[in-house]
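Asks: Here is a sequence with its predicted model. Questions after.
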Amino acid sequence: AKADDGASALRVGQTVTLYGGRTAPCKLRIIIVGCGLGGLAAAFALQKAGHECVILEQAPAIGEVGAGIQVTPNVSRVLLSWGLGPQLERTAVIPQAIVFRRWETGERVGYTKWGDLMLRDHGAPYCHIHRADFHRMLYDLAVGAGVQIRLGCAVTAIDADKPSVTLRSGESLSGDLLIGADGVKSMIRQVIVGGPDAPVATGDAAYRATIPTSLMLREDDLRGFVENPEMTAWMGPGRHIMGYCIRGGKEYNVVLLHPDDGSVESWTAEGSADKMRADFEGWEPRIQKMLGLVPSTLKWKLMDRGPLETWIHKSGKVVLLGDSCHPMLPYRAQGAAMAVEDAAVLGSLLSHISSPAQIPFFLRAYQDLRHARCTDTQAQARLNQLIFHLPDGPEQQARDEDMRRAMEAELG
Ligand code: FAD
């Protein structure tokens, strides 16, 4: 594939075929708990494989939640194969490079060219989009495929042997297969583990904010971040910041990772923009200027968990997917990516099922294909916490020296 700019990368990418369009000989009724990115992706993949899917979501409405999200080529490949190229083209920004900078001077210590090289090397582009746009495109896709989505339906109990669920309203529903896509605080995970199983605080929290790029374009020293879309990572002691454009370049997304000082795990919890500015005092002048343009911020406590031995209930009729089974720090930008990959693999496998009796076999195959990859990605994300947050000193200098050498080799 050859592409000369980001937009054409998306068009070229549309030729990728992952989902084969196979319909299973046996139609299952599948209940999916959770209408996040993972639940929607699973519902679409399974509905397309010939099954009947219903998503139960506790939230009463789908809102504009979150901020930017990185869609790495392993996921954009799946989305393109699902026909989402035009939607990505409308909203995504394709970063031309990743740049690493020193926190207090902004000095460039690392640089890797991305853009078309992603397409050349991975067969699909690297995209930056707003989580709400990502969610909307999967929502429309799932509904278009015939998935039933029921909002305001909190699942309060499950019977894993049937399997069936009970809603807060008292209503119960049963099916052939139950999928827990209910996120990091998953209730269904507890049923599989067989007891209370709380997420683990990683010690970090994230401020997330978007800045209208029209404001940045007025500032000589900020204009470059918009006109030359790259992903920038500023690394400092115990903290780092990621910045990149989203929404066709209309907004600049900043995520500020820092030691947690008492936040909550929520897509919608407001943080204090003034406290955020105070927490990053002393960072390079362009950061100070950027943060001065932030009107409001979301604050998110970052939780993860260790790997689970099994994602499947002993009944063989309940399985986990996404953050419910492998939540991770966002330091490799792979949480949603792994959830979408889980969904694609499950959909593909269950397009071969010819009897409900085969469900346990296919769930084991799903777990065998996914577990090691997701566990490894969880560990890599934790490792990046150490690498990005090194205190200033010999280890940080060695890290930066390695990155500089690679950058010089890259730039010739
Ligand atoms: P969720 O999105 O959490 O969805 C779970 C859903 O289940 C929710 O809607 C919830 O309301 C519902 N639910 C829960 N319990 C019940 C119940 N009992 N009954 C009914 N409904 C229920 N990932 C990337 O790939 N790239 C990135 O760049 C990236 N950046 C990130 C940055 C930050 C700061 C954070 C915090 C995360 C980031 N992630 C990123 C991770 C990514 O957002 C998550 O991994 C992903 O959203 C998980 O999707 P999910 O569907 O598994 O869970």
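Replies: Noted; the coordinates are in hand.

Asks: Just the mean pLDDT for the helix or strand harbouring residue 203, thanks.
Replies: Element membership for residue 203 (DSSP states H and E) is strand 200-212. On average, the pLDDT along strand 200-212 is 93.

Asks: Buried residues of it, list them for me.
Replies: Using 16 or more other C-beta atoms under 10 Å as the test for burial, strand 200-212 gives 202, 204, 205, 206, 207, 208, 209, 210, 211. C-beta coordinates here come from the backbone N, C-alpha and C atoms, glycine included.

Asks: Spit out the contact partners of the last one.
Replies: Same thing as residue 211. 251, 252, 254, 290, 293, 294 (C-beta atoms under 8 Å, 6 or more residues apart in numbering).

Asks: with the buried residues of strand 200-212 in mind, which one is nearest to residue 244?
Replies: Closest approach between these and residue 244, by C-beta to C-beta: residue 210, at 10.6 Å.

Asks: follow-up on the earlier one: what pairs with the strand holding residue 203, and is each one parallel or antiparallel?
Replies: Using DSSP bridges, the strands paired with strand 200-212 are strand 251-259 (antiparallel), strand 297-304 (antiparallel).

Asks: Mean neighbour count for these - can I get that in a markdown table?
Replies: Formatted as a markdown table, those follow (neighbours: other C-beta atoms under 10 Å):
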| stretch | mean neighbour count |
| --- | --- |
| strand 251-259 | 23 |
| strand 297-304 | 22 |
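
Asks: what does stretch 158-165 rub up against?
Replies: 31, 33, 56, 155, 157, 166, 172-178, 187-188, 191-192, 313-315, 317-318.

Asks: List the buried residues in it.
Replies: Result for stretch 158-165 [16+ other C-beta under 10 Å]: buried residues 158, 159, 160, 163, 164, 165.

Asks: Out of the contacts of stretch 158-165, list just those in helices.
Replies: Counted as lying in helices by DSSP state H, out of the contacts of stretch 158-165, are 187, 188, 191, 192.

Asks: Name all residues that make contact with the first one.
Replies: With contacts defined as C-beta under 8 Å, 6+ apart, residue 187 is in contact with 33, 155, 158, 180.

Asks: ok, and which of the residues you listed reach the ligand?
Replies: Among the contacts of residue 187, proximity to the ligand is found for 33, 155 (C-beta under 6 Å from any ligand atom).

Asks: which of the contacts of residue 187 lies closest to the ligand?
Replies: Closest approach between the contacts of residue 187 and the ligand, by C-beta to the nearest ligand atom: residue 155, at 3.8 Å.

Asks: That closest one against residue 54, yeah?
Replies: No. If you go by C-beta atoms under 8 Å, residue 155 and residue 54 don't touch, sitting 11.5 Å apart.

Asks: more neighbours, the two?
Replies: Counted by other C-beta atoms under 10 Å, residue 155 and residue 54 do not tie: residue 155 has more neighbours, with 22 against 19.

Asks: about what we covered before: how about CSV for the contacts of residue 187, with pLDDT added?
Replies: Shown next, in CSV, are these (pLDDT from 0 to 100):
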residue, pLDDT
33, 98
155, 98
158, 97
180, 98
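
Asks: per-residue pLDDT, the one residue in the stretch 1-150 of the chain that gets nearest to the ligand?
Replies: Residue of the stretch 1-150 of the chain nearest the ligand, by C-beta to the nearest ligand atom: residue 36 (2.2 Å). What the model reports as pLDDT for residue 36 is 97.

Asks: contacting residues for the nearest residue to it once chain neighbours are set aside?
Replies: In space, and not counting its chain neighbours, residue 36 is closest to residue 183: 5.9 Å by C-beta to C-beta, 6 or more residues apart in numbering. Going by C-beta under 8 Å, 6+ apart, residue 183 touches 34, 36, 322, 323, 324, 327.

Asks: and what of residue 151?
Replies: Residue 151 touches 35, 57, 59, 60, 61, 62, counting by C-beta under 8 Å, 6+ apart.

Asks: repeat for residue 34
Replies: Neighbouring residues of residue 34 by C-beta under 8 Å, 6+ apart: 55, 56, 57, 180, 181, 182, 183, 322, 324.

Asks: can you name the two of those that are farthest apart?
Replies: 56 and 322 (15.0 Å).

Asks: Compare neighbour counts for these two and give me the winner.
Replies: residue 322 (30 against 25).

Asks: Dihedrals phi and psi, that one?
Replies: phi 70, psi -150 (degrees, to the nearest 10).

Asks: Does at least one residue of stretch 68-86 sit close to the ligand?
Replies: Yes. Among the residues of stretch 68-86, 69, 70 lie within reach of the ligand under C-beta under 6 Å from any ligand atom.

Asks: And that stretch, what's buried?
Replies: Those buried within stretch 68-86 under the rule 16+ other C-beta under 10 Å are 68-82, 84-85.

Asks: Show me which residues of the stretch 1-150 of the chain are close to the ligand?
Replies: When proximity is defined by C-beta under 6 Å from any ligand atom, the stretch 1-150 of the chain lies next to the ligand at 33-39, 56-59, 69-70.

Asks: repeat that for 5 Å
Replies: 34, 36, 37, 38, 57, 58, 59, 69, 70 (C-beta under 5 Å from any ligand atom).
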